[in-house]
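[1] Have a look at this fold, sequence not included:
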C-alpha cells in the first residue's frame, strides 16, 4: 500500500503540526504524614517505660519489705538445712556474678553487679547473718568503686561514698572467705 504524498490536512508531506510547549510532570498532591506509625511507636515506648517502672518498683518494694517482722520470725523457725540451702544459693549467685565481671573492672558493670547482689540478698532472706552482712558490704564497695569512676563529689542530698581500694579488696576477700572459697 502506498500513501499519498500530497493532500490531506496539514502543511504538506513530512511536516508535523506544531506541538504545545513542554511542561514538567506535576507531582501528586502531598499526603498527610502517616500518624499511625508514630502513634504505635509512642504507645510502645510508654508500654516499655511502664513495664520497666513496674519491675523496678516491685524489686524495690520487695527489697524494702524483706525486713518485716514475718521475715525475722521465719528466720527464728528456720531449720539449719534451710539456712544452709539459702547460704549455698546466695554464695553461688555471688560467685557466678563475680566471675562474669571483667578484669580490670569496668564502670558500666558495677551498677548491674550491685543490683544483682542486692536482688540475691532479697531473694534469700533466710541466709545466715554473716553471709548477708558480707555481701551487703560488697554492694557498698561496688557503689564506692562506681563513684570513684564517676568522680562526682557531694551535691545536694547526694554524698557518694569514698573509694578505698584496700578496704574494698578486704571486703571482697571477706565475702569469699565466708562463702568458703579461700
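    Perfect, I can see it now. These numbers were taken from a predicted model, which means no experiment stands behind them.
[2] With adjacent residues omitted, what lies nearest to residue 145?
    Among residues not flanking residue 145 along the chain, residue 163 sits closest, at 5.2 Å (Cβ to Cβ, 6 or more residues apart in numbering). Just so you know, the C-beta spots here come from the backbone N, C-alpha and C atoms, and that holds for glycine as well.
[3] Now do the SS call for that neighbour.
    What DSSP: H, G, I helix; E, B strand; the rest coil gives for residue 163 is coil.
[4] who's in contact with it?
    Residues in contact with residue 163 (Cβ atoms under 8 Å, 6 or more residues apart in numbering) are 144, 145, 147, 148.
[5] State the distance from the first one to residue 15.
    Pointing back at residue 144 there. When distance is defined by Cβ to Cβ, to the nearest Å, residue 144 is 96 Å away from residue 15.
[6] Kindly report the same for the last one.
    Using Cβ to Cβ, one gets 92 Å for the distance from residue 148 to residue 15.
[7] Counting neighbours, go ahead and name the busier of the two.
    residue 148 (18 against 8; other Cβ atoms under 10 Å).
[8] which ones are touching the more buried one?
    Residues in contact with residue 148 (Cβ under 8 Å, 6+ apart) are residue 163.
[9] now swap in residue 89 and tell me
    With Cβ under 8 Å, 6+ apart, residue 89 has these contacts: 120, 123, 124, 127.
[10] from these, which ones fall inside helices?
    Within the contacts of residue 89, residues falling in helices by DSSP state H are 120, 123.
[11] which secondary structure element contains residue 138?
    helix 129-150 (DSSP states H and E).
[12] where's residue 153 relative to residue 89, distance?
    Residue 153 is 38 Å from residue 89, by Cβ to Cβ.
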